[in-house]
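1. quick one, what's the 3D model for this:
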Amino acid sequence: MGIAEVIPGVSGGTIAFITGIYEELLQTIKAILGPEVWTTLTRQGIRQAWEKANGNFALALLSGMAIGMITGVFAVSHLLESYPILLWAFFFGLILASAWFIGRQVEKWNLTTIASLAVGTAIAYWITIASPTEGNTALWFVFLSGAIAISALLLPGISGSFILLLMGMYTYIIPMVKSFLQTQDTAQLLILGVFALGCLVGLATFSRVLTWTFKHYHQQTMALLTGFMIGSLNKIWPWRKPVLGLTEEGQLVQITQGMEIDKIIKEVNLLPTQYAAEVGNAFLLPAILLALAGIGLVILLERWSAPK
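-> Okay, here's the model as predicted:
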């Protein structure tokens, strides 16, 4: 999950679903951010509160995510720069197989589950093709951005960082975080605090909403999340050509051949033959092999987690 969060367009929620810990993750977040754990702490002590919060699970997960993010910042960033097609091909196979695996867990396909699948697919696909809007530096919008972005992290196929981009807040929040870590400027602390508060409220609220939907509408929720993963495949298609980017000054520009930009915002998908003609080497055979490797990994994870 930590590695996935480093990769734009790939959600940690996808990995949680593949490995079978998704519902336990929601329950744990709900417990930690709810009143039950703190009531238990004051009345019964640390040990009971730790058990109530599913502390061993949370500690193992957070430790793994921290290691994954540190590894991802260096290793995955290098792969994204040097071998983007091959990395995206692997994740395309991974998520394609995951969508099939999750969809197979829907016990009965009927009108409501099919509609949920279609809605999830449409929403995720729209997010992948939507253009960024102008951001808003008002504190209420900063709070809202944090709540929505962190909620997206819990959804398979939807990237929280990409949601920030669509809301026009990525170039406002992320540079501020980096600047604060470097300078410890207290003037930025209020904005980052409001954003963090929005993240906490969004995490607490959305984890409860998803837990409730799993309990009362399990089949429809599974179909909806399957749709999210199918729709997100558009974002991780291996052969893409950048058309819109951000300069170091934070300006949106149309990308032309040879232009240097700070961050790619929008891309168009190409067939491998088109990519080879317009951009460069399509690495078709290695990409197919890595996509198959991604599919194989999901099959192995499914077999490994089946007894549990």
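
2. the residue lying closest to residue 267 once chain neighbours are set aside: how many residues sit nearby?
-> Closest residue to residue 267 in three dimensions, ignoring its sequence neighbours and counting by CB to CB, 6 or more residues apart in numbering: residue 240, at 4.0 Å. To be clear about C-beta, it is placed using only N, CA and C from the backbone, and glycine gets the same treatment. Other residues near residue 240 come to 20 when the count uses other CB atoms under 10 Å.

3. how close does residue 90 get to residue 117?
-> For residue 90, the distance to residue 117 equals 25 Å [CB to CB, to the nearest Å].

4. same deal with residue 304?
-> As for residue 304, its distance to residue 117 is 27 Å (criterion: CB to CB).

5. of those two, who's got more company?
-> Between residue 304 and residue 117, counted using other CB under 10 Å, the more crowded position is residue 117 (24 against 11).

6. look up which helix or strand that one falls in, please.
-> Taking DSSP states H and E as the criterion, the element that holds residue 117 is helix 111-129.

7. mean confidence score for the helix ranked longest in the chain?
-> Assignment by DSSP state H gives helix 189-216 as the longest helix of the chain. Here helix 189-216 scores 87 as its mean pLDDT.

8. residues of it that come out buried?
-> If you call a residue buried by 16 or more other CB atoms under 10 Å, then helix 189-216 has these buried ones: 191-192, 194-195, 198-199, 201-204, 206-207, 210-211, 213-214.

9. how about stretch 163-180?
-> Within stretch 163-180, the residues that count as buried by 16+ other CB under 10 Å are 163-173, 176, 180.

10. equivalent analysis for stretch 25-36, please.
-> Applying a neighbour-count criterion of 16+ other CB under 10 Å, one finds 25-33 buried in stretch 25-36.

11. again with stretch 62-74
-> Under the neighbour-count criterion of 16+ other CB under 10 Å, stretch 62-74 has 65, 68-69, 72 buried.
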